[in-house]
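> need a structure here:
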Amino acid sequence: MNYQECVEACQQCIIDCSHCLTSMLGQESNNDCPKCCYECIIACQTAVQMMVSDSQYAAQYCQICAEICQWCADHCSKHDHDHCQTCAKSCEKCYELCSSMAA
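As a prediction, the model looks like this:
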């Protein structure tokens, strides 16, 4: 199975969630941002590890990753900060690709 596009989307999501997380530290948030960014980073890292090792469980990890990315996109998209908007877009792309990998 070719995981390349999904791996790249997860890697970009890790970068953008990390930036969002560090930018939001100490700031008020009326939702789960930046908590969702932290969990999204972990989910994406794990999904990447499972895909590159061609794990028999890669699809299941991608499904969980997709769900967490969708949750993160929903929360970050509600903030006007550029880093939150960038994060939300990366999470949306990762959600789409991980969902297709899980199908």
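> quick one: low-confidence parts of the chain?
Where the chain drops to pLDDT under 70, the residues are 1.
> And the helices in it?
4-24, 35-52, 58-76, 82-102 (DSSP state H).
> I'd like the ones you listed laid out as JSON lines, including mean neighbour count.
Any C-beta I mention is one placed from the backbone N, CA and C, and that applies to glycine too. What follows is the helices of the chain, written out as JSON lines (neighbours: other Cβ atoms under 10 Å):
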{"stretch": "helix 4-24", "mean neighbour count": "20"}
{"stretch": "helix 35-52", "mean neighbour count": "21"}
{"stretch": "helix 58-76", "mean neighbour count": "22"}
{"stretch": "helix 82-102", "mean neighbour count": "21"}
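> Excluding residues flanking it in the chain, which one is nearest Ala66?
Nearest residue to Ala66, sequence neighbours excluded (Cβ to Cβ, 6 or more residues apart in numbering): Cys98, at 3.8 Å.
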